[in-house]
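Asks: mind looking at a prediction? Sequence and model below.
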Amino acid sequence: MNLRKHLREKPETHSSALNDILFILLLFFLIISTLANPNVIKVMTPKGQSDTKAKQTVVVSIDSTQRIFVGTQQTEVDSLQSAIKMIVAKSEDAEPTVVINPDRKANAESIYKVMYAAKRLNLRTVMAVDKE
């Protein structure tokens, strides 16, 4: 019978704190990702009375020099409809929405071209405004 204690203990790695750290990091990145704004093009949107929330399938921005951006890609008016159609096909949304994000200095003709391209694709359009 061997009654002697083992003099050497096996080394152990304590990983109980690792779970807590990973949980906190996961929570942090989830909160930050919901606060991220998908609109990369900086425009000063016009002011409006009401704020309508819509799921942003396609974001079309118009800057002060009348350049049109679908997402973050600059697009010509001739290829606007095909660019919107390509993004809608990738999104697989049940009810796709085109959010028009114009600058305050954008003229009505540019906004109309975006709305007309969305109408030809039978898509709902919403214009982004700032609350007064």
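Replies: Looks like it arrived, so ask away.

Asks: pLDDT weak spots in this structure?
Replies: 1-8, 36-56, 131-132 (pLDDT under 70).

Asks: all strands for it, in order.
Replies: Assigned by DSSP state E, the strands in the chain fall at 47-48, 58-62, 68-70, 73-75, 97-102, 124-127, 130-131.

Asks: how about those in JSON lines, adding mean neighbour count?
Replies: Backbone N, C-alpha and C define where each C-beta goes, glycine included. Below are the strands of the chain laid out as JSON lines (neighbours: other CB atoms under 10 Å):
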{"stretch": "strand 47-48", "mean neighbour count": "12"}
{"stretch": "strand 58-62", "mean neighbour count": "24"}
{"stretch": "strand 68-70", "mean neighbour count": "22"}
{"stretch": "strand 73-75", "mean neighbour count": "14"}
{"stretch": "strand 97-102", "mean neighbour count": "22"}
{"stretch": "strand 124-127", "mean neighbour count": "16"}
{"stretch": "strand 130-131", "mean neighbour count": "10"}
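
Asks: please identify which of these is closest to Ile111.
Replies: The minimum distance between Ile111 and the strands of the chain falls on strand 97-102, with 5.5 Å, by CB to CB.
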